[in-house]
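Novice: let me see the structure of the following:
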Amino acid sequence: MNKLQTPLRRREFLSGIGRAVGGSVMLRVMSAMGIATAAGCGSSSASSGAPGVPPPPPRPASPSPRPGDWPANVGSGRSVVILGAGIAGMTAALELGRLGYTCTLLEATAAAGGRVRTLRAGDIAEETDSTQLCNFDLDDDLYFNCGPARIAHHHEFLLGYCREFGVALEPFVNDNRAALLHSASTFGGEPQIARRILADTRGNIARLLASAINQNALDQELSANDRANVLVLLRQFGDLDGASAYKGSERAGFPGQEANGSRERGQLLDPRSLQELAQETFWQQRVDFTEQLDQQATMLQPVGGMDRIARAFESQLLQQIRFEAMVTQIRKLADGARVVYTDRNGLEQAIDADHCICTIPASVLRSIDNDFSAAHQSAIAAFAYTPAFKLAFQSR
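Specialist: This is a model prediction of the structure:
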């Protein structure tokens, strides 16, 4: 049997579940497998005290609460140290606090929110190799979300917190069909209106498929009734004419519309060829961007900046956050975890807790002294984030 065919050992399987979705789900899987009862898993291997999701507390056998619900004050007398006061860390502190756990958050910077940061006039953006002053005009509507900037409609937990905390939301325009798209290597380097690219891509693809159907190339796949129905669908999808040809579409706009605001609706723009649209990845990627689950309408954003959410969380947890606390060591104890950090005055401090949750990014975590397992350290060292940047400017 080769390596790919080797079945997972039960412990590896359960450990994978715990790493991916947390200890509470692993507990329920163990119970379903007959390995442990819901009430008797408090001493399972999940309660090592190592940094990560804290072990699930014991649950009464009867009555059985719904998955994800725990008895009130189940964490009474238990402590958790949380590394990082970003949204993940603050969410953990909020929910664990509601269960009676005593939580302490250590945040390396002077503000909560982690990647959720908004810049306004006069703010300073400090990077690892540069410092910039935000020179926007002083106006409530002028701000830059450096990190996350939009909320997908299916992020129901975050939306729930916004309702709970009274964070006002508004639509985020994620798909601007009037935007200019530019590639130096196609269309003579001329910027293209987004709606024209999308309309011509859909039209050409629909034309090709309709042609294949009309030439009986898909007779093995489609019945006669199917063929008729699919042709109707393709004419609507690609705005084809009665002969299933694509000769341009009103969806792409009209000549002179961008240059002089022409309202003439008679002449259509000449369609771009499929060969032009398919020859490089830039145009290919534009077709499905807003089809991705996390980019689909309706997108939302907090009124006044994404940091409104971070500030709302922070207001709930202000007494539990230690700002400018730079973590230098993470250690496992026999009955918990110890975290050593440097406070805002440059003094070394240590905090012991029953559990530790680490939300520090891997790129930073790898430089912090720890006693993780060799496999854990190797995974942290190999972790790579996708290179990305954001650009903001104010214009008239």
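
Novice: just checking, M326 touches A108?
Specialist: Yes - contact status for M326 versus A108: in contact at 5.1 Å, counting by Cβ atoms under 8 Å. C-beta: built from backbone N, CA, C; applies to glycine.

Novice: quick one: buried residues of stretch 186-205?
Specialist: Residues 186-187, 192-205 are the ones in stretch 186-205 that count as buried (16 or more other Cβ atoms under 10 Å).

Novice: ok, now stretch 380-394?
Specialist: I380.

Novice: and the buried residues of stretch 186-205, which is closest to T386?
Specialist: Nearest to T386, judged by Cβ to Cβ, of the buried residues of stretch 186-205 is A194 at 23.5 Å.

Novice: show residues contacting the helix or strand harbouring L300.
Specialist: Using DSSP states H and E, L300 maps to strand 299-302. Strand 299-302 is contacted by residues 145, 149-153, 159, 162, 167-174, 308-309 when judged by Cβ atoms under 8 Å, 6 or more residues apart in numbering.

Novice: skipping adjacent residues, who's closest to the residue nearest the centre of the chain in space?
Specialist: Centroid check for the chain by Cα atoms, centre = their mean gives D294 as the closest residue, at 7.4 Å. Nearest residue to D294 in three dimensions, chain neighbours excluded: A152, at 4.8 Å (Cβ to Cβ, 6 or more residues apart in numbering).

Novice: quick check: mean pLDDT of stretch 187-205?
Specialist: For stretch 187-205, mean pLDDT rounds to 91.

Novice: actually, stretch 151-167.
Specialist: 95.

Novice: which residues touch L274?
Specialist: T201, N204, I205, L208.

Novice: could those residues be laid out in CSV, adding secondary structure and distance to G114?
Specialist: CSV is the format used below for the contacts of L274 (DSSP: H, G, I helix; E, B strand; the rest coil; distance: Cβ to Cβ, whole Å):
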residue, secondary structure, distance to G114
T201, helix, 38
N204, helix, 44
I205, helix, 41
L208, helix, 46
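
Novice: ok, which pair from those is furthest apart?
Specialist: For these, and using Cβ to Cβ, no pair is farther apart than T201 and L208, which are 11.2 Å apart.

Novice: where does this protein have low pLDDT?
Specialist: 1-68, 256-265 (pLDDT under 70).

Novice: can you map out the helices along it?
Specialist: Using DSSP state H, the helices found in the chain span residues 10-21, 23-32, 87-98, 156-165, 194-214, 224-238, 257-260, 274-278, 281-288, 307-317, 362-365, 374-382.

Novice: now render those helices as CSV, adding distance to A178.
Specialist: Shown next, in CSV, are these (distance: least, Cβ to Cβ, whole Å):
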stretch, distance to A178
helix 10-21, 41
helix 23-32, 44
helix 87-98, 33
helix 156-165, 28
helix 194-214, 7
helix 224-238, 21
helix 257-260, 8
helix 274-278, 19
helix 281-288, 14
helix 307-317, 28
helix 362-365, 38
helix 374-382, 43
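
Novice: out of the ones you listed, which is closest to G77?
Specialist: Closest among the helices of the chain, using Cβ to Cβ: helix 87-98, at 12.9 Å.

Novice: got the angle for the closest one vs helix 307-317?
Specialist: 30 degrees (axes from the mean of the first three to the mean of the last three Cα atoms, to 10 degrees).

Novice: before we move on, back to that, filter the contacts of strand 299-302 down to the ones in strands?
Specialist: N145, L169, E170, P171, F172 (DSSP state E).

Novice: do I have it right that the second one meets G305?
Specialist: Spelled out, it's L169. No - using Cβ under 8 Å as the test, L169 is too far from G305 to be in contact (11.9 Å).

Novice: and S244, how many neighbours?
Specialist: Here the count is done by other Cβ atoms under 10 Å, and S244 has 17 residues near it.

Novice: sorry, slip of the keys, the one I care about is L133.
Specialist: By other Cβ under 10 Å, neighbour count at L133 equals 11.

Novice: ok now do it, which residues does it touch?
Specialist: By Cβ under 8 Å, 6+ apart, the contact set of L133 is G122, D123, I124, A125.

Novice: show me what contacts the first one?
Specialist: The reference is to G122. G122 neighbours (Cβ under 8 Å, 6+ apart): L133, C134, L138.

Novice: mind listing what's buried in stretch 175-185?
Specialist: S183.

Novice: what's in contact with that stretch?
Specialist: 189, 191-195, 197-198, 280, 282-283, 286, 289-290, 297.

Novice: name the nearest residue to G203, ignoring sequence neighbours.
Specialist: Per Cβ to Cβ, 6+ apart, closest to G203 is Y246, 3.7 Å.

Novice: returning to that earlier point: need the contacts of L274 in TSV (columns: distance to H355).
Specialist: Formatted as TSV, the contacts of L274 follow (distance: Cβ to Cβ, whole Å):
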residue	distance to H355
T201	51
N204	57
I205	53
L208	58
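
Novice: now, which of the residues you listed sits nearest G253?
Specialist: The nearest member of the contacts of L274 to G253, counting by Cβ to Cβ, is T201 at 14.6 Å.

Novice: could you measure from I360 over to A297?
Specialist: With distances taken as Cβ to Cβ, to the nearest Å, I360 is found 34 Å from A297.

Novice: which one's more surrounded, these two?
Specialist: Set side by side, I360 and A297 show more neighbours around I360, with 21 against 13, by other Cβ under 10 Å.

Novice: residue contacts, the more buried one?
Specialist: L83, G84, V327, I368.
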